[in-house]
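Engineer: take a look and give me a structure for this.
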Amino acid sequence: MYNPAKPILADAVYFDKAFAEIGDKLSTDLTWLTNNYGRAEYIPELDDLGKVYGKTIYFPAVYVGDPKKPTEYLSMMPDEHLDNHVFFLLEDVQEINPRLGTIGNMKSEFSIIFWWDYRKVYVDHLVRSVENVKKDILTVLLKAAFKTCTLDIKFSYVDNKNVYLNFEADQVNRKYLMRPYGGLKLSGTIKLNTTC
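Structural biologist: Residues are numbered from 1 along each chain as shown. As a prediction, this is how the structure comes out:
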């Protein structure tokens, strides 16, 4: 599958809606960003018989099923066929603060993972680094006023072993984590606005 389209949710709400807004803003302001895949899930890797291996190995994937393939997932592990992309991971514990019979607001820890081909990001890519890409991304995120949420970005990860932390290292094709390719993870807290 080459540069597959992002999944579209018919009625995105809560964190899915926020991730769509953030991803759309990033895609608009970062001309090199080709795809916003939205929220990924931790999916266990199965053997050819559909059983989990002896040791459970997880990988990030987004659901892209349709009526012909209702159980189809797209792996978010680094791959040039996904082109320059972003996806989101949400921690399983989400705090809910209800108010007067409404949902109130919710917050959770989250991560944004970016993957790119430097040659498609900068004309002078040979003299640019991950820090240049990080600056471009943070400039967009820290200046944006999102309708659905507020972000508190606390950490950045640039070492490849940490960008895909919690996923089996053997699953990562090493050639996609070195030049001309690059990756970055930002993490922090996302808080939904009450109207989300």
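
Engineer: the residue positioned nearest the centre of the chain - nearest residue in space that isn't next to it in sequence?
Structural biologist: Geometric centre of the chain, nearest residue: Phe87, 1.6 Å, by Cα atoms, centre = their mean. Computed as Cβ to Cβ, 6 or more residues apart in numbering, the closest residue to Phe87 that is not its neighbour in sequence is Tyr37, at 4.2 Å. Glycine gets a C-beta too; all of them are placed from N, C-alpha and C.

Engineer: count of neighbours near that neighbour?
Structural biologist: Tyr37 has 23 neighbouring residues, counting by other Cβ atoms under 10 Å.

Engineer: pretty sure the residue nearest to the centre of the chain sits against Pro78.
Structural biologist: No: shown here, Phe87 and Pro78 do not form a contact pair, counting by Cβ atoms under 8 Å, at 11.2 Å.

Engineer: Ile113 versus the residue nearest to Phe87, what's the distance?
Structural biologist: Plainly put, Tyr37 is 10 Å away from Ile113 if you go by Cβ to Cβ, to the nearest Å.

Engineer: which neighbours do the two share?
Structural biologist: Common neighbours of Tyr37 and Ile113 (criterion: Cβ atoms under 8 Å, 6 or more residues apart in numbering): Met76, Val86, Phe87.

Engineer: show me what contacts the residue nearest to Phe87?
Structural biologist: Contact analysis of Tyr37 by Cβ under 8 Å, 6+ apart lists Lys6, Pro7, Gly23, Val62, Leu74, Met76, Leu82, His85, Val86, Phe87.

Engineer: select the longest helix from the protein.
Structural biologist: For the chain, the helix reaching the highest residue count under DSSP state H is reported as helix 14-29.

Engineer: name the helices or strands packed onto that helix?
Structural biologist: Counting contacts by 3 or more Cβ pairs under 8 Å, 6 or more residues apart in numbering; DSSP states H and E, helix 14-29 packs against strand 35-39, strand 85-99, strand 102-117, helix 130-143, strand 149-157, strand 181-192.

Engineer: who does Lys107 bridge with?
Structural biologist: Note on Lys107: beta-bridge partners Glu95, Lys191, judged by DSSP bridges.

Engineer: can you give me the neighbour number for it?
Structural biologist: By other Cβ under 10 Å, 17 other residues sit near Lys107.

Engineer: low-confidence stretches in the protein?
Structural biologist: Within the chain, the segments meeting pLDDT under 70 span 1-8, 46-57, 67, 99-104, 166-174, 194-196.

Engineer: so Val121 touches Trp32, yeah?
Structural biologist: Yes: counting by Cβ under 8 Å, Trp32 is a contact partner of Val121 at 4.4 Å.

Engineer: can you pick the most crowded of the contacts of Tyr37?
Structural biologist: Most neighbours among these, by other Cβ under 10 Å: Val86, with 26 neighbours.

Engineer: do you know how far it is from Leu142?
Structural biologist: Taken as Cβ to Cβ, the span from Val86 to Leu142 is 16 Å.

Engineer: give the buried residues for stretch 151-165.
Structural biologist: By neighbour count with 16 or more other Cβ atoms under 10 Å, stretch 151-165 contains the buried residues Leu151, Ile153, Ser156, Tyr157, Asn160, Val163, Tyr164.
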